[in-house]
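[1] heads up, no residue letters with this:
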């Protein structure tokens, strides 16, 4: 069967997989001057037609059968071990024979380096230089990532880790072009912005036009091999002060005359390629955008975000739920008071006494519960967010919700990093946590994620590198005094 | 001494080198969130200020002291050798422990891969993502190449080879942008075209404007990190037929109405970065330009070049000189006729009998010589190219010069590749040798390089891959019947 013959794989999935396997083999083994483009097209087209299960099968074949050639590698290792490590005197010698021996040593080392590259490196390299190939590789990695969520396969994990390293190299900031996205851009590109805006969905053309219009900016990182589709983009509003609600950013038109703006507010940053997960393009994008805005608008001196806190409510509800469980266990244990320590070690009333009292008092008629945490859990987990319709409930919840949010952002960590993904993103880029904003996002999504709270991160240009370093090396999170005060109070 | 402090290195070269060495050390060892940009700026600025000798010193330090850590590598190798190579059954197992062992194996292999990377990899990677860094690296490689011409230093050669591999990755066609250069481009870019045009120098603005005007095209490959400066560019003329002289390409204005053009003639291709020597960007550029022209002008069906033959005259004069020497030796040897075989094995009259006669007859009054080759050498090596002023001399030289040129292009090789650099370039890209053109370039450079002869290479789209492959694997050179006929005749 000729690998370049197109088959309708959908009608016959078995034959389809076999065909794609054959094109895969050709794509790796053909000499580079062969009609490789056709084979790569066949391969990627064939891959797209495969079912999820067959894609998995194919990727396992790729990971296992086009891996490092370990027999050859061991031979080279033995050859390498038999050579003396060159001394630094030798390296400085101008003797012809000495340089010859040295050259042989370096050559063996280079061969070793090449022997450690899996054969699938060839496929990745060829696809990278093939039209549409880089995009294809991001789709392939997206598949890999979803497979790795389903199963722990070491070969697939090794394949993913190798592909990720290659993508990091190819998508180095040096290879990316910063593009200001405007209303003059092709509709095909603007359509992508609408489709991928992940933070504050774009509802219609007027909304999009507003985000590209006066008082606002939108910048994207484009790769020459994936034209017309930014890999990541950021939306900026030019304001007088750091915004407190997303409503004023999204709906005031224009938010402020551009000449009076002193703050560039990053209100949305969205990646478009799930296959690039774990590759931080945003960090460089923010740096470049800051430089650009500073250059074009010297009167802008504050660079801040108005960011969602996507993990807050989930964390808080889990916390409340586990405390309720511990409280229940204690109630059952009550008679044997000597044994209470086992669970009470982890018990904690995350509410302060006055908060507890207020919540219990105000919630009468809305919900019931044995204690403040019970009531709070009931209120916050009600599906239609009833609490947001009653000013009194909102007012008693405001203080504990803000205070616990500060704790969540500044103190809750996972492997030394902020638990909240967006916080982790900005902190590793060198930002600090500046201010919490009550009812800053009243959309259903905003209430559900974070009780409507949003946070401002601030990028202080003279502190970016220092902050990033102390966060990455010691997990230290820089925060404003206001934020600090929330968590310094005895909880 | 703070590495970020700027010193005037020109006044004190020793201190300058020491300073640059310190910034080099910081650039490699600082954690990545440090104020690395400043250090990289200091390093590159400091490097520019160093003398050639100090640059060499610094690059030797880089090559030797920031190399692979071989002690660590040997430890890892021992650890790796102690692990079993995973069998393919194991790789397919879904057992949790088996996958855990496998993961450990892959991890060690990945560590080994990383341990084989020299420390200077960090410098290269950091410079690549640093503004101006990629350009700096091409300059550094240019320096390396010129040092390697002066001395055979194994560490410098290993450094060069590693840097070249990195540059190949970063300059993959996927990262390059094809840009049509027009009169609307910034003067700063057009100035580069004038400066770097290596084949047919651009004499003035009118000349440049003509090359970007109606009936012509100019395309460049740009890298986002080196803005405003194409790494390589190609000049194209749209013609009715494949041009026979560079005069008609360069000076007719326009050469032909665009709507009547059926031939896209590549008449110049120039690299701008000597530090990218050995990295073939032209191959991809030609492919992309062919695709683009085909799409925009479907009536263009012939893609050809009008190319110089830069090594022809040098080869021919050397050939003539060595034959004269052998002839002299024979004359001396004449009395002992039995010993003549030693030199006569290599003796060859590269002229055919009738050419010999004609040359001897026509050259009387211009030059003297014992035989045709003597005379030919004298005529061709005269500094003011006197032979081109006499139609009679030109007419007798035409036949042997064309015939020997065909031999030079089709048969003279070095390591299986065409001896002529331009021929090798187009042949490896998949072109064929189509036609020799007498007096196609009458400029001094043209006469000096190739006796005024130019050659058309033709890219037949359906044969490009096949030609490239048979050339690269077997050294086979495809040529038209006319060309073949020259070399088939008994010489």
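    Looks like it came in fine. Source: prediction; values computed, not measured. Residues are numbered from 1 along each chain as shown, chains lettered A, B, ... in the order given.
[2] which residue is the nearest non-sequential neighbour of residue A:240?
    Nearest residue to residue A:240 in three dimensions, chain neighbours excluded: residue A:256, at 4.9 Å (C-beta to C-beta, 6 or more residues apart in numbering or on different chains). Using the backbone N, CA and C atoms, a C-beta is placed for each residue, glycine as well.
[3] pLDDT score for that neighbour?
    What the model reports as pLDDT for residue A:256 is 80.
[4] isn't it right up against residue A:248?
    No - taking contacts as C-beta atoms under 8 Å, residue A:256 lies outside contact range of residue A:248: 9.7 Å.
[5] ok so, going back, tell me the secondary structure at the residue nearest to residue A:240.
    Counting by DSSP: H, G, I helix; E, B strand; the rest coil, the backbone at residue A:256 sits in coil.
[6] could you do the one 10 residues further on as well?
    State at residue A:266, reduced to three classes by three-state DSSP: strand.
[7] next, count neighbours for it.
    Neighbour count for residue A:266, taken as other C-beta atoms under 10 Å in any protein chain shown: 26.
[8] ok, residue A:242 next?
    Neighbour tally, residue A:242, other C-beta under 10 Å: 19.
[9] that one contacts residue A:304, correct?
    Yes - if you go by C-beta under 8 Å, residue A:242 and residue A:304 touch, sitting 4.7 Å apart.
[10] returning to that earlier point: so which of residue A:256 and residue A:248 has more stuff around it?
    Neighbour tally, residue A:256 and residue A:248, criterion other C-beta under 10 Å: the higher count belongs to residue A:256, 19 against 16.
[11] which ones are touching that one?
    Residue A:256 makes contacts with A:215, A:238-240, as judged by C-beta atoms under 8 Å, 6 or more residues apart in numbering or on different chains.
[12] again, but for residue A:286
    Listed by C-beta under 8 Å, 6+ apart, the contact set of residue A:286 reads A:234, A:266, A:269, A:429, A:459.
[13] of the residues you listed, just the buried ones, ChimeraX syntax please.
    To isolate the buried subset of these in ChimeraX, counting by 16 or more other C-beta atoms under 10 Å in any protein chain shown, use the following:
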select /A:234,266,269,429,459
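[14] among the contacts of residue A:286, which has the minimum pLDDT value?
    If you rank the contacts of residue A:286 by pLDDT, residue A:429 sits at the bottom with 90.
[15] ok, now which ones touch that one?
    Listed by C-beta under 8 Å, 6+ apart, the contact partners of residue A:429 are A:280, A:282-283, A:286-287, A:459, A:464, A:468.
[16] mind running it again at 6 Å?
    Shown in contact with residue A:429 (C-beta atoms under 6 Å, 6 or more residues apart in numbering or on different chains): A:283, A:286.
[17] in strands only, show me the contacts of residue A:256.
    A:238-239 (DSSP state E).
[18] going by neighbour count, which of the contacts of residue A:256 are buried?
    For those, a burial check counting by 16+ other C-beta under 10 Å picks out A:215, A:238-239.
[19] ok, so of those, who is nearest chain B?
    Nearest to chain B among the buried ones among the contacts of residue A:256, counting by C-beta to the nearest C-beta, is residue A:238 at 24.8 Å.
[20] which residues does the closest one form beta bridges with?
    For residue A:238, the beta-bridge partners under DSSP bridges are residue A:264.
[21] is it true that it touches residue A:260?
    No - applying C-beta atoms under 6 Å as the test, residue A:238 and residue A:260 come out as separate, 8.9 Å apart.
[22] which neighbours do the two share?
    Shared contacts of residue A:238 and residue A:260 (C-beta under 6 Å, 6+ apart): none.
[23] which residue is it, in the stretch 351-491 of chain A, that comes closest to chain B?
    Closest to chain B within the stretch 351-491 of chain A is residue A:469: 3.9 Å, counting by C-beta to the nearest C-beta.
[24] look up how far residue A:419 lies from that residue.
    With distances taken as C-beta to C-beta, to the nearest Å, residue A:469 is found 21 Å from residue A:419.
[25] before we move on, what about residue A:276?
    On the measure of C-beta to C-beta, residue A:276 and residue A:419 end up 22 Å apart.
[26] for stretch A:367-377, buried residues please.
    A:367, A:369, A:371-377.
[27] burial measure for the closest residue to residue A:188 other than its chain neighbours, as a count.
    Residue nearest to residue A:188 in three dimensions, not counting chain neighbours: residue A:228, with 5.5 Å by C-beta to C-beta, 6+ apart. For residue A:228, the count of nearby residues is 12 (other C-beta under 10 Å).
[28] picking up where we left off before, show me the buried residues of stretch A:367-377 that map onto helices.
    Among those, the members found in helices (DSSP state H) are A:372-377.
[29] where are the low-confidence patches of the stretch 1-150 of chain A?
    Applying pLDDT under 70 to the stretch 1-150 of chain A flags the ranges A:1-15, A:32-34, A:88, A:90-92.
[30] what does it put close to chain B?
    A:33, A:35, A:64, A:70, A:77, A:85, A:91, A:99, A:102-103, A:106, A:113, A:116, A:128-129, A:134 (C-beta under 6 Å from any C-beta of the partner chain).
[31] thinking again about what came up before, identify, from the buried ones among the contacts of residue A:256, the entry nearest to residue B:322.
    residue A:238 (75.3 Å; C-beta to C-beta).
[32] so what's the closest one up against?
    A:215, A:258, A:261.
[33] helix/strand/coil for the residue of the stretch 251-400 of chain A found nearest chain B?
    Ranked by C-beta to the nearest C-beta, the top residue of the stretch 251-400 of chain A for proximity to chain B is residue A:284, at 7.6 Å. Classification of residue A:284 using three-state DSSP returns helix.
[34] and it, what is it in contact with?
    Residue A:284 sits next to residue A:173 when contact means C-beta under 6 Å, 6+ apart.
[35] that one and residue B:37, how far apart?
    In this view, residue A:284 and residue B:37 are 12 Å apart by C-beta to C-beta.
[36] equivalent analysis for residue A:274, please.
    Going from residue A:274 to residue B:37 by C-beta to C-beta gives 31 Å.
[37] repeat that for residue A:40.
    Using C-beta to C-beta, residue A:40 is found at 38 Å from residue B:37.
[38] what about these two, which has more around it?
    residue A:40 (23 against 15).
[39] that one contacts residue A:130, correct?
    Yes - contact status for residue A:40 versus residue A:130: in contact at 4.6 Å, counting by C-beta under 6 Å.
[40] which residue is the nearest non-sequential neighbour of the residue in the stretch 201-350 of chain A positioned nearest to chain B?
    Relative to chain B, the nearest point of the stretch 201-350 of chain A is residue A:225 (3.8 Å; C-beta to the nearest C-beta). Ranked by C-beta to C-beta, 6+ apart and with sequence neighbours excluded, the top spatial neighbour of residue A:225 is residue B:174, at 3.8 Å.
[41] mind checking what secondary structure that neighbour has?
    Secondary structure assignment for residue B:174 (three-state DSSP): helix.
[42] which pLDDT value goes with it?
    pLDDT, residue B:174: 76.
[43] that one contacts residue A:128, doesn't it?
    Yes - the criterion here is C-beta under 6 Å, and residue B:174 meets it with residue A:128 at 5.2 Å.
[44] shared neighbours of those two, which are they?
    Jointly contacting residue B:174 and residue A:128 under the rule C-beta under 6 Å, 6+ apart are residue A:134.
[45] and the gap between the nearest residue to residue A:358 once chain neighbours are set aside and residue A:372?
    With C-beta to C-beta, 6+ apart as the criterion, residue A:358 has its nearest non-adjacent residue at 4.4 Å, and that residue is residue A:396. To residue A:372, residue A:396 is 10 Å away according to C-beta to C-beta.
[46] between those two, what contacts are shared?
    Counting by C-beta under 6 Å, 6+ apart, the residues touching both residue A:396 and residue A:372 are residue A:359.
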